[in-house]
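# I'll drop the sequence and a predicted model, then ask my questions.
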Amino acid sequence: MAESEPLSRRFFNALMGLGFVGTLCGFAGTALAYLWPMPDAVVTSEFLSTTRGKVTGAELGENEGVVGRSPMGKVLVVRKDGALRGVQATCTHLGCTVAWNGESGEIECPCHGARYALDGQVLKGPARDPLAQVEVREETEGLRILGPVS
Amino acid sequence: MKKIGGLLWAWFDERLNLAPLVAGLEANLRKPVPAHVNWLFTLGSAIAALIGLQIFTGILLLIYYRPGADTAYQSIVRIMDEVPLGGFMRSLHVWGADLIVIFLILHMVRVFVYAGYKKPRELTWIIGVLLFAVILIFGFTGYLLPWDQLAYWGTVVATEAPASIPVIGPITREFMLGGSEVGDPTLGRFFALHVVVLPLVLLKLMALHLFLIRYQGISSLRRTDEPDPTPNEIRAEGGEPFFPHHVLRDLTTTYLVLGLLVSLAILYPAHLGDPADPLTTPLGIKPEWYFLPAYQLLKYVPEVVGVQIPPLFIGVLVLLPLLLDRSPERHPKRRLRAIGVGAVVLGLIVLLGLLGHISETRQTIFGITYHFDIQGMPHGEVP
Amino acid sequence: MWILLALLFAAPLFAEPPDLEEVACTWCHYEEAEDFAESVHYLQGHLLCTDCHGGLPFAEDPDLAKAPEAGFIGKPGRADVAEVCAQCHSGPAGFFAQGPHHEWQNEANPTCITCHSNHRVLDASLALMDETCSQCHDEWSAARDRGQKIRVELKVGAEHLQRVAMVVDSLAGFERSLQKAQPFIEDATAVLQSADAATHALDVQMIEGMVAEVRGERGIAGAEGVVGAYYEKLRMRPRIVFAVWVFVLVNVALFWWKRRDLP
């Protein structure tokens, strides 16, 4: 009897501990399900779009650039010598959004001063990797982002 | 596992000298509770657990709720329709509030019957009354946050009365509302109260309340002019240690109450009415059930008088151990008059509440349809 | 029922129709006027004789009232009947032209007014098919059979949709998730309404296809899916509550055991 008593007592104590842990798991589990990130509310279309809607070619003059969303993420489109050039707009250094500087003819990142050429090559650090080039086609509906330049 | 525990203990002990602290805490927890302590004495810890759950669900809701007259309603729709378990968390929060008030009333009745408010525990009681008021204000401010028709107009009705206080009435009401009527400023200040101010006040009061209870122990049933029994005397009378004996009772009640809360939240989920429309008052608007006694009272007495009665009632509760009941008797059998008065007052409050509930409704009892007027009086309907 | 709704959509429901006695045509053509006065075109559509026959309704001089310059066409011939009706009912008229009766020169074929009457036009309903097909076709003929198939198909489809719509309506009041069923009901209703016009083609397969669409994933089946998901959720609730209580009571039992086990 001395042998079985402590065993069953330990068992029931363990079971009670399990009960507490179970309760905690219940709270943690439901909280986790509740807090799980939901799908993004931002809808991307194949046409370059900003918060105001699709960007049309008419809005983009010579030597002007515009940053918008696309299935490839944020993309910078610049009209240079009549043609549309597209690059990824996320700086390869720490992720800030770059912008086109028409005066200098360079893509600039406002966070730490990185500079890129229109083909994405790094002109000045601290960025090391180039921006991916993106193929853009001007259509009546807007600027269609086709994908990376092959 | 035990080795890690030992290492952690040693690290803190070297810096804080834990041993006497823990010894003191353990001694306090092992102190016996009086023999008469029964299951009714577990209500307090059940309330504490419910409050903890309100904080838990409240924080979760806070992550998705957007205060503001044009965003609040949609954010609640989002919580109910899109967020996983969002409707469940909201239902827990809504039902939790109701259960806290119910158990709080039961707890206060228990304390009253067992004279726990008498010397030397007047401070514990006063803090308890303040906690009661804080919980009511929690309910009042939280009710507005969904910004649906019921929330909006219930708040309009509830804030209409303070304006009739002489001199300071109208400015008091405008201060409460942040304007001349319930609107976005009202939502802003109710939100700030509900989410920051009241929780801070609540937690501090709760800490004090719990500290005093552990420090002074549960009151005995002896007269207040007799010395409190020593722990050995309590043990001799059959009192069991607080930890783990009474704590296990507390845990049992807490689990049962939380089970009840979860069941209610799953089987009767919280609803959301139509969005608030300041230009359309729906039929039959009433405040939440725990404000019904005050609401109904205002229909029988002039507003100026009626609006002062609820604060006076709180005041009476505060003064109870200080001025109103200074008799040294604690045992319920020897306090029948006090208990009788308490029962009558409680009965009146409950009756007012029932009248408030049934007023302005139509009920069919034993085949005959009655219309209850605004004062709760029945009139047989002509079929 | 849907045909009724389609006819009524343009009518200002709360205004009174104009007084027929003031319309000059009725002073001579009083029998036709009596019939017209009972029609939906007059009572709900607030139309006058001239809306189909052309001319000026209030001109007392017959030459003015029946002037061709005022658009007067008189009694339309067989060829022109469909054109007159198609001014408003282009849908049914278009389908009619695809159907077995489209050769207007053949006097054995009906025109619009053969089934719908010319002046005393009442609400068109599926029951009309019973009354009018029998005017020419024998009871057990292939033509009657075809009409019957179409009629039954539409009736069953409409009744099914009505049942589902009622269920969704009654539940949507207090269960938010059921609002997702509304688009399905709306889509199904739209298809069924277009089926009313398509009936005039008297093509059983076309109608069967349309009713199948009404019943399909984007219609009734979709709505029933939403309702089914809700009922499933309702069935799960007591089971979850049961599981919760099992957990609670097991823990309570452990606490109880622990208390008894203590010194």
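Yep, it's here. Numbers count the residues shown, from 1 in each chain, chains lettered A, B, ... in the order given.
# show me where the chain has helices.
The chain I'm using is chain A. A:4-35 (DSSP state H).
# could you do chain C instead?
Under DSSP H, chain C gives helices at C:2-8, C:30-37, C:40-43, C:49-53, C:62-65, C:78-86, C:90-98, C:112-116, C:126-133, C:142-172, C:182-198, C:204-215, C:220-261.
# in the third one, what counts as buried?
Buried positions in helix C:40-43, judged by neighbour count with 16 or more other CB atoms under 10 Å in any protein chain shown: C:Val40, C:His41, C:Tyr42. Any C-beta I mention is one placed from the backbone N, CA and C, and that applies to glycine too.
# just the fourth one next, same as before
For helix C:49-53, the neighbour count (16+ other CB under 10 Å) marks C:Cys49, C:Thr50, C:Cys52, C:His53 as buried.
# residues in contact with residue 108?
Using chain A. By CB atoms under 8 Å, 6 or more residues apart in numbering or on different chains, the contact list for A:Glu108 reads A:Val98, A:Ala99, A:Trp100, A:Asn101, A:Ala114, A:Arg115, A:Tyr116.
# let me rephrase: I mean chain C.
C:Cys136.
# residues near the residue of the stretch 101-250 of chain C found nearest chain B, how many?
In the stretch 101-250 of chain C, no residue comes nearer to chain B than C:Val248, which is 3.8 Å away by CB to the nearest CB. Residues lying near C:Val248 (other CB atoms under 10 Å in any protein chain shown) number 21.
# leaving out chain neighbours, which residue sits closest to it?
In space, and not counting its chain neighbours, C:Val248 is closest to B:Gly259: 3.8 Å by CB to CB, 6 or more residues apart in numbering or on different chains.
# any chance you could list what contacts the helix or strand harbouring the one you found?
Using DSSP states H and E, B:Gly259 sits within helix B:247-267. By CB under 8 Å, 6+ apart, the surrounding residues in contact with helix B:247-267 are A:23, B:29, B:39, B:41-43, B:45-46, B:49-50, B:53, B:88, B:91-92, B:94-96, B:99, B:103, C:237-238, C:240-241, C:244-245, C:248, C:251-252, C:255-256, C:258-259.
# make a ChimeraX selection of the buried ones in those residues.
With 16+ other CB under 10 Å as the criterion, this ChimeraX line picks the buried residues out of these:
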select /B:41,42,43,45,46,49,50,53,88,91,92,94,95,96,99,103 /C:241,244,245,248,251,252,255,258,259
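# export the helices of chain C to TSV and tack on mean pLDDT?
Putting the helices of chain C into TSV (pLDDT from 0 to 100) gives the following:
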stretch	mean pLDDT
helix C:2-8	58
helix C:30-37	88
helix C:40-43	89
helix C:49-53	88
helix C:62-65	83
helix C:78-86	85
helix C:90-98	87
helix C:112-116	87
helix C:126-133	83
helix C:142-172	91
helix C:182-198	90
helix C:204-215	92
helix C:220-261	94
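# who wins for proximity to B:Ile63 among those helices?
helix C:220-261 (23.8 Å; CB to CB).
# tell me the angle that closest one makes with helix C:142-172.
30 degrees (axes from the mean of the first three to the mean of the last three CA atoms, to 10 degrees).
# name the helices or strands packed onto helix C:220-261?
Helices and strands touching helix C:220-261, by 3 or more CB pairs under 8 Å, 6 or more residues apart in numbering or on different chains; DSSP states H and E, are helix A:4-35, helix B:247-267, helix C:142-172, helix C:182-198.
# which bits of the stretch 101-250 of chain C sit near chain A?
C:Phe247, C:Val250 (CB under 8 Å from any CB of the partner chain).
# which bits of the stretch 101-250 of chain C sit near chain B?
C:Phe174, C:Arg176, C:Ser177, C:Arg237, C:Pro238, C:Ile240, C:Val241, C:Val244, C:Trp245, C:Val248.
# quick check, nearest of those residues to A:Met16?
C:Val248 (13.5 Å).
# with the residues of the stretch 101-250 of chain C next to chain B in mind, which one is nearest to B:Thr224?
Nearest to B:Thr224, judged by CB to CB, of those is C:Val248 at 39.4 Å.
# tell me the contacts of that closest one?
With CB under 8 Å, 6+ apart, C:Val248 has these contacts: B:Tyr255, B:Leu256, B:Leu258, B:Gly259.
# pull the number of nearby residues for the last one.
Around B:Gly259 there are 19 other residues, counting by other CB under 10 Å.
# beta partners for A:Val67?
A:Leu76 (DSSP bridges).
# verify the stated contact: it with A:Val78.
No - between A:Val67 and A:Val78 there is no contact under CB atoms under 8 Å: 10.1 Å.
# between the two, which has more neighbouring residues?
Counting neighbours by other CB under 10 Å for A:Val67 and for A:Val78 shows that A:Val78 has the greater number, 21 against 17.
# wait, that one touches A:Leu84, no?
Yes - counting by CB under 8 Å, A:Val78 touches A:Leu84, with 7.5 Å between them.
# for the chain, which segments count as strands?
No chain specified, so I'll use chain A. A:49-50, A:53-54, A:65-70, A:73-80, A:83-88, A:99-101, A:106-108, A:115-116, A:122-124, A:133-138, A:143-148 (DSSP state E).
# my question was about chain B
Under DSSP E, chain B gives strands at B:362-365, B:368-372, B:378-380.
# can you mark which positions in the first one are buried?
Using 16+ other CB under 10 Å as the burial criterion, none of the residues of strand B:362-365 qualify.
# partner strands of it, parallel or antiparallel?
With DSSP bridges as the test, strand B:362-365 pairs up with strand B:368-372 (antiparallel).
# contacts for the strand it pairs with next, please.
By CB under 8 Å, 6+ apart, strand B:368-372 touches B:Ile358, B:Ser359, B:Glu360, B:Thr361, B:Arg362, B:Gln363, B:Thr364, B:Pro378, B:His379, B:Gly380, B:Glu381, B:Pro383.
# quick one: name the residues of chain B near chain A.
B:Phe56, B:Leu60, B:Ile63, B:Glu82, B:Val83, B:Pro84, B:Leu85, B:Gly86, B:Phe88, B:Met89, B:Tyr255.
# what about the fourth one, distance to B:Leu210?
Distance, B:Glu82 to B:Leu210, using CB to CB, to the nearest Å: 38 Å.
# okay, the two: which has more neighbours?
Set B:Glu82 next to B:Leu210 and count neighbours by other CB under 10 Å: B:Leu210 wins out with 15 against 12.
# how about the contacts made by that one?
By CB under 8 Å, 6+ apart, the neighbours of B:Leu210 are B:Ala48.
# pLDDT score for it?
Note on B:Leu210: pLDDT of 96.
# could I get the average pLDDT for the helix holding B:Gly259?
96.
# roughly how far out does that helix sit from the chain middle?
How far helix B:247-267 lies from its chain's middle: 17 Å, per CA atoms, centre = their mean, to the nearest Å.
# give me the buried positions along that helix.
Here helix B:247-267 shows B:247-266 as buried, counting by 16+ other CB under 10 Å.
# neighbours of the residue nearest to B:Pro241 when sequence neighbours are not counted, how many?
Here the nearest residue to B:Pro241 in space, its sequence neighbours aside, is B:Arg30; by CB to CB, 6+ apart that works out to 5.0 Å. Counted by other CB under 10 Å, the residues lying close to B:Arg30 total 13.
# next one: the one 3 residues further on
The number of residues packed near B:Val33 is 18, by other CB under 10 Å.
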